[in-house]
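Peer 1: give me a 3D structure for the following:
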Amino acid sequence: MLEKTFGLIFFLKQPKNKDEENRFIYLKITVDGKAVELSTKRRCEQSRWNPRAGRATGTKEASKELNQYLDSFEHQVFQVKRLMNDSERPLTAQGIKDILTGNIEKPKMILEVFQRHNEQMKALEGIDFAAGTIERYNVSLEHTRSFIKWMYKAEDKLIKELDYEFISQYAFWLKTVRKCNHNSTMKYLANFKKVVLICVKNRWLPGDPFANFKLTKKPVEKVALTEAELEKIIERKFISERLDIVRDVFVFSCYTGLAYADVSNLKRSDIKKGVDDKDWIFINRQKTNSPSHLPLLAQAKKIILNYRKHPKCAESGLVLPVLTNQKMNAYLKEIADLCGIKMDLTFHIARHTFATTVTLNNGVPIESVSKMLGHASIRQTQHYAKTQDYKVGKDMHLLEKNLVKKSR
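Peer 2: Numbering: from 1, shown residues only. From the prediction side, this is the model:
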């Protein structure tokens with residue numbers, strides 16, 4: 001197929017009054033000798049217009065701003081031209097004009113739809129979606145953008161070109177180029193699938209490209225500290241104040257089950273008297289916006305008291321002087337080394353420790369643990385309730401004592 005001749009030029013439209021100095025700028029689009037004219041809805045004085053360049057002259061801010069606008073306008077034309085070629089529509093000057101003026105619907109693009117989806121989520125922040133959820137979708141959008149550049153050497157891709165090959169190659173890219181583990185890959189693909197299903201429901205796609213792709217996650221064992229390991233961290237004396245703070249914030253989470261985002265945002269005003277007239281924490285979890293109500297254990301209360309006069313807490317009304325998540329996790333690795341704990345200690349392990357070592361292993365019913373963790377259902381809590389060796393040993397020791405009694 002022969003490449004069509006294509007030309008663009010901005011020019012000043014001659015008004016009815018030929019003496020008029022301030023004139024409208026028009027764009028002339030020519031394809032294979034056939035031309036159309038399109039108004040830019042901008043004006044320029046004839047005296048500061050360069051007809052050959054099709055731009056305003058001079059170094060004043062007004063000229064620079066006008067030329068930037070014309071550059072952007074020209075870029076839109078080339079984008080429409082590329083879209084028409086990609087969608088195998090006949091390339092005509094009138095066709096380009098129709099798309100630019102909205103007379104023909106512009107072909108739907110993957111990243112455009114994804115961006116619009118995320119903008120709508122942002123508008124519903126705090127109503128239907130938590131900030132953390134919106135952030136994950138923004139990261140997923142950027143991964144999709146990077147994959148399209150890597151795979152197709154393009155800025156965007158037509159929705160109608162989504163197929164099983166796209167999905168499988170995206171999964172391959174996430175695991176190899178982005179170095180995501182299997183479960184992280186599945187999470188990003190699940191985010192992308194939500195956007196794809198919007199396209200299917202709007203009939204922009206004839207079918208679901210995920211239909212034959214399995215979004216299955218591998219089971220992951222939730223690692224928690226044992227009682228002995230937790231005690232080691234609590235009793236350890238550090239010479240560094242930063243390690244003391246990180247240890248205390250981590251231990252506080254071990255006795256409350258709060259995730260990093262919830263601890264860092266926890267205010268003194270979130271601590272109120274509960275149904276038993278004792279101190280409770282009343283918050284909505286940042287990740288899910290679900291309510292979490294939990295009584296304060298003595299160990300957590302002690303840590304709060306230690307920091308009530310800390311400058312950062314006194315000024316902000318925050319309960320604890322929490323560092324960034326990145327710094328917390330870096331210093332926790334240092335704490336683990338100093339305490340001789342052989343695990344990759346991260347802040348999220350505190351939540352696991354609360355769920356297993358502190359509560360379930362001490363006989364707290366799973367229903368209560370689920371409520372304190374802010375889970376929507378017991379099913380979310382059940383992966384913490386997998387039988388622990390510690391609990392098995394404790395139960396068998398009890399059984400042994402009972403059997404000895406019966407044998408007497």
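Peer 1: what residues of stretch 298-305 count as buried?
Peer 2: Of all the residues in stretch 298-305, those buried under the rule 16 or more other C-beta atoms under 10 Å are A300, I303, I304. Every residue, glycine included, has its C-beta placed from N, CA and C.
Peer 1: tell me the secondary structure of the second one, please.
Peer 2: Judged by DSSP: H, G, I helix; E, B strand; the rest coil, the three-state class of I303 is helix.
Peer 1: now do the contacts for it.
Peer 2: Listed by C-beta atoms under 8 Å, 6 or more residues apart in numbering, the contact set of I303 reads D248, V249, V251, F252, L320.
Peer 1: hmm, who's touching the helix or strand hosting the first one?
Peer 2: So that's D248. Using DSSP states H and E, D248 sits in helix 241-254. With contact meaning C-beta under 8 Å, 6+ apart, helix 241-254 is reached by 225, 230, 233-234, 236, 238, 258-260, 263, 299-300, 303-304, 306-307, 320-323, 327-328, 331-332, 334-335, 338, 347, 350-351, 353-354, 357-358.
Peer 1: quick revisit: please identify which of the buried residues of stretch 298-305 is nearest to A376.
Peer 2: A300 (24.1 Å; C-beta to C-beta).
Peer 1: could you find the closest non-adjacent residue to the closest one?
Peer 2: Y255 (4.3 Å; C-beta to C-beta, 6 or more residues apart in numbering).
Peer 1: next up, the contacts around that neighbour.
Peer 2: Contact analysis of Y255 by C-beta under 8 Å, 6+ apart lists L297, Q299, A300, F354, V358.
Peer 1: buried set for the longest strand along the chain?
Peer 2: Criterion DSSP state E: the longest strand present in the chain is strand 34-45. Buried residues in strand 34-45, counted by 16+ other C-beta under 10 Å: V36, L38, T40, C44, E45.
Peer 1: re the thing from before, among the contacts of helix 241-254, which ones are in helices?
Peer 2: Counting by DSSP state H, the contacts of helix 241-254 place 230, 233-234, 260, 263, 299-300, 303-304, 306, 327-328, 331-332, 334-335, 338, 350-351, 353 in helices.
Peer 1: just the buried ones out of these, please.
Peer 2: Buried, going by 16+ other C-beta under 10 Å: 230, 233, 260, 263, 300, 303-304, 328, 331-332, 335, 338, 350-351, 353, out of the ones in helices among the contacts of helix 241-254.
Peer 1: of the residues you listed, closest to Y152?
Peer 2: Taking C-beta to C-beta as the measure, Y152 lies nearest Y260 of those, at 36.8 Å.
Peer 1: my guess is the closest one contacts K327, does it?
Peer 2: No - with contact defined as C-beta atoms under 8 Å, Y260 does not reach K327; the gap is 11.2 Å.
Peer 1: farthest pair in the contacts of I303?
Peer 2: So, these by C-beta to C-beta: farthest apart are V251 and L320, at 10.6 Å.
Peer 1: show me the contacts for F10.
Peer 2: F10 neighbours (C-beta under 8 Å, 6+ apart): I25, Y26, L27, K28, T40, G54, R55, L70, E74.
Peer 1: need the residues that contact stretch 147-154.
Peer 2: With C-beta under 8 Å, 6+ apart as the contact definition, stretch 147-154 has outside contacts at I110, L111, E155, D156, K157, Q169, Y170, W173, L174, V177.
Peer 1: okay, that stretch in CSV with CA atoms only?
Peer 2: Below are the C-alpha coordinates for stretch 147-154, written out as CSV (Å, rounded to 0.1, in the frame of the first residue of the first chain):
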residue,chain,number,x,y,z
PHE,A,147,4.8,-2.6,29.1
ILE,A,148,3.2,-1.1,26.0
LYS,A,149,6.3,0.9,25.3
TRP,A,150,8.5,-2.2,25.8
MET,A,151,6.4,-4.6,23.8
TYR,A,152,4.9,-2.5,21.0
LYS,A,153,7.2,0.6,21.0
ALA,A,154,4.1,2.7,21.2
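Peer 1: in it, what counts as buried?
Peer 2: Result for stretch 147-154 [16+ other C-beta under 10 Å]: buried residues F147, I148, M151.
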